[in-house]
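Peer 1: Sequence and predicted structure are below.
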Amino acid sequence: AAATDGSSKVDGKFDVAPLPGKDGLGSGTLGGNNLSVSAFSRHQATSRDFIQYIVSLDVQREYGKEQSFPLSRSALYDDPEMIEKYPYLPIMKTGLRAAKPRPVVVKYNEVTAAVQDHVTAAITGKKSVDQAASDLQNALAGLTD
């Protein structure tokens, strides 16, 4: 809405671009809300049917029309109706094609907490960037012991 309705102070002053990298196009990470069926569920068939329904192209198209989240079905990035509503979809598709899976980490929760703590400290000025990077490196090294 900030780019289309004329009421925003940033109207016409921003755009969408893929993540930049050191020498050109960068890479985001793949991931999101994964759907699964518990092996212990008494309703496995119903659960599978619901997942199949919720990720169907038609449902994802309708969801995409109402939300501005990245779309989960690649075909929607080429859909003329969706592009008309969200003209930045072809640019997002470029970025998504460059995305890579998250690294495999045994202690994912601990790594995530360490990154969050030290990056936040640098961003908020509680630590210098150099100190936060050093502390993060030490925290990650401690996780391999």
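Peer 2: That came in fine, so what should we check first? Residues are numbered from 1 along each chain as shown.

Peer 1: what's the helix or strand bottoming out on mean pLDDT in the chain packed up against?
Peer 2: Among the helical and strand segments of the chain, the one scoring lowest on mean pLDDT, DSSP states H and E is strand 29-30, with a mean of 84. Contact here means 3 or more CB pairs under 8 Å, 6 or more residues apart in numbering; DSSP states H and E; on that basis strand 29-30 packs against strand 100-101. The C-beta positions use only the backbone N, C-alpha and C, and glycine is treated the same way.

Peer 1: helices or strands up against the following helix or strand past the strand it packs on?
Peer 2: Sequence order places helix 108-123 as the next helix or strand after strand 100-101, per DSSP states H and E. Packing contacts for helix 108-123, counted by 3+ CB pairs under 8 Å, 6+ apart, involve helix 129-143.

Peer 1: in the helix it packs on, what's buried?
Peer 2: Neighbour-count burial for helix 129-143, counted by 16 or more other CB atoms under 10 Å, picks out 132, 135, 136, 139, 140.

Peer 1: how about the third one, what does it touch?
Peer 2: For residue 136, the set of contacting residues under the criterion of CB atoms under 8 Å, 6 or more residues apart in numbering consists of 114, 115, 118, 119.

Peer 1: quick one: which of those residues is most hemmed in?
Peer 2: When neighbours are counted by other CB atoms under 10 Å, residue 118 leads the contacts of residue 136 with 23 neighbours.
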